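Participant: have a look; sequence and predicted model below, questions after that.
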Amino acid sequence: MITLTTKTMDLNEVNVILHVDDIGMVQGGISAFAKLFRSGKIISGSLMAPCPWFALAVQLQQKLPEADLGLHLTLTSEWAGYRWGPVTPVAKNSGLTDTSGRYFHPCNLDVCEQASIETVTTELNGQIELAQNLGFVPSHLDGHMFTCQQAKFLPVLLDLALEHRIPAVFSRQQLNSLPAKVCHHWDKRLKQLGLPVFDSISRLPLNKGEQVVKAFFSHLPAGLHYLYAHPVKPGTELATITYQAQDRVAEYHALMNFDLGKLTASMNIKLRSFKTLDG
């Protein structure tokens, strides 16, 4: 059972957010999060606005008001036979879409090379506006495939975090990838508002077995860590989309079967949500 600490965050201790990404990509991801939350296995996750199941996913906030739900800001569409694109009108030569003119690029490097900062800013604001129009209030912002955290677009993500006064997910390493003066500027502003910088961002090795998960947690240093997974309930939808379906289903079963709350408590790891980062 996951129990969040209410203690003020001490970066001399190991602080962890356990997070579910890609909610709304498929229906099985929505039902997986709901089951995991109700079973006390997970608290935090984020929703993908451009994806077909987003309108259903936002209902999680009304059904599970204690859940810690953010926006998984999306600028890529990685599956060959299952595509999505911008929620805002864009010109075919905007650089935000692939040769179809309709769908995002499959790779974040293509977005960085071809899309302008202005176009990306408009799209990310559009995703937030769409969420708000559906009654969804995000507790945090993170980026699908880490496109928003690339050096070119990270200041856009940080601007959005400051504008909405909510945390964004990015690491110290990603912040340090900015020019020194720019990095110092953002570091100062984030500290002034009490917004966090993560010491690491890692995918939980849930499909590797319980012993690997234990070893993974045992090697976490003091600081604030963002650990993510992509649990999905079994179904034909995801299996048709990607060969990774088995891995994502395995993550769901692992989260249901492992007692991560008990494990982390035994290791004196402090579990947090974005709503409780400040204690």
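Facilitator: Yep, that arrived.
Participant: which parts of the stretch 1-150 of the chain are strands?
Facilitator: With strands called from DSSP state E, counting those that start in this stretch, the stretch 1-150 of the chain shows them at 14-23, 44-47, 68-73, 141-143.
Participant: just say which of the ones you listed is most tucked in.
Facilitator: Each of these was scored by mean neighbour count; the highest is strand 44-47, a mean of 30, by mean count of other CB atoms under 10 Å. C-betas here are computed from N, CA, C, even on glycine.
Participant: strand partners (parallel or antiparallel) of that strand?
Facilitator: Using DSSP bridges, strand 44-47 pairs in its sheet with strand 14-23 (parallel), strand 68-73 (parallel).
Participant: can I get those strands in JSON lines including mean pLDDT and distance to residue 53?
Facilitator: Formatted as JSON lines, those follow (pLDDT from 0 to 100; distance: least, CB to CB, whole Å):
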{"stretch": "strand 14-23", "mean pLDDT": "97", "distance to residue 53": "8"}
{"stretch": "strand 68-73", "mean pLDDT": "98", "distance to residue 53": "12"}
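Participant: now distance to residue 244 too, for those strands, in JSON lines please.
Facilitator: Formatted as JSON lines, the strands paired with strand 44-47 follow (distance: least, CB to CB, whole Å):
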{"stretch": "strand 14-23", "distance to residue 244": "11"}
{"stretch": "strand 68-73", "distance to residue 244": "17"}
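Participant: do you know which of those lies nearest residue 260?
Facilitator: Residue 260 lies closest, by CB to CB, to one member of the strands paired with strand 44-47: strand 14-23, at 6.6 Å.
Participant: dump the lengthiest helix in the chain to PDB, restricted to CA.
Facilitator: For the chain, the helix that runs over the most residues, judged by DSSP state H, is helix 117-133. Output of helix 117-133 as PDB, limited to C-alpha atoms (Å, rounded to 0.1, in the frame of the first residue of the first chain):
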ATOM      1  CA  ILE A 117      10.000  27.300 -30.500                       C
ATOM      2  CA  GLU A 118       7.000  29.500 -31.300                       C
ATOM      3  CA  THR A 119       5.100  26.600 -32.900                       C
ATOM      4  CA  VAL A 120       5.800  24.300 -30.000                       C
ATOM      5  CA  THR A 121       4.800  26.900 -27.500                       C
ATOM      6  CA  THR A 122       1.500  27.400 -29.300                       C
ATOM      7  CA  GLU A 123       0.800  23.600 -29.400                       C
ATOM      8  CA  LEU A 124       1.700  23.000 -25.700                       C
ATOM      9  CA  ASN A 125      -0.600  25.900 -24.700                       C
ATOM     10  CA  GLY A 126      -3.200  24.400 -26.900                       C
ATOM     11  CA  GLN A 127      -3.000  21.100 -25.100                       C
ATOM     12  CA  ILE A 128      -3.300  22.800 -21.700                       C
ATOM     13  CA  GLU A 129      -6.300  24.800 -23.000                       C
ATOM     14  CA  LEU A 130      -8.000  21.600 -24.300                       C
ATOM     15  CA  ALA A 131      -7.500  20.000 -20.900                       C
ATOM     16  CA  GLN A 132      -9.000  23.000 -19.100                       C
ATOM     17  CA  ASN A 133     -11.900  23.200 -21.500                       C
END
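Participant: buried sites along that helix?
Facilitator: Using 16 or more other CB atoms under 10 Å as the test for burial, helix 117-133 gives 119-128, 130-131.
Participant: how many neighbours does residue 243 have?
Facilitator: Residue 243: 7 surrounding residues under other CB atoms under 10 Å.
Participant: quick one: it is in a helix?
Facilitator: No. In this structure, residue 243 is coil, not part of a helix, as judged by DSSP: H, G, I helix; E, B strand; the rest coil.
Participant: residue 187 reaches residue 196, doesn't it?
Facilitator: No. Contact criterion CB atoms under 8 Å: residue 187 and residue 196 do not qualify, at 11.7 Å.
Participant: of the strands paired with strand 44-47, which approaches residue 224 most closely?
Facilitator: With respect to residue 224, and counting by CB to CB, the nearest of the strands paired with strand 44-47 is strand 14-23 at 4.7 Å.
Participant: CA atoms only: put that closest one into PDB for me.
Facilitator: What follows is strand 14-23, C-alpha atoms only, in PDB (Å, rounded to 0.1, in the frame of the first residue of the first chain):
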ATOM      1  CA  VAL A  14      15.700   9.600  -0.800                       C
ATOM      2  CA  ASN A  15      12.500  11.100  -2.100                       C
ATOM      3  CA  VAL A  16      10.600   9.400  -4.900                       C
ATOM      4  CA  ILE A  17       7.500  10.000  -7.100                       C
ATOM      5  CA  LEU A  18       6.200   6.800  -8.600                       C
ATOM      6  CA  HIS A  19       4.500   7.800 -11.900                       C
ATOM      7  CA  VAL A  20       2.300   6.300 -14.600                       C
ATOM      8  CA  ASP A  21       2.900   7.800 -18.100                       C
ATOM      9  CA  ASP A  22       0.800   7.700 -21.300                       C
ATOM     10  CA  ILE A  23      -2.700   7.600 -19.700                       C
END
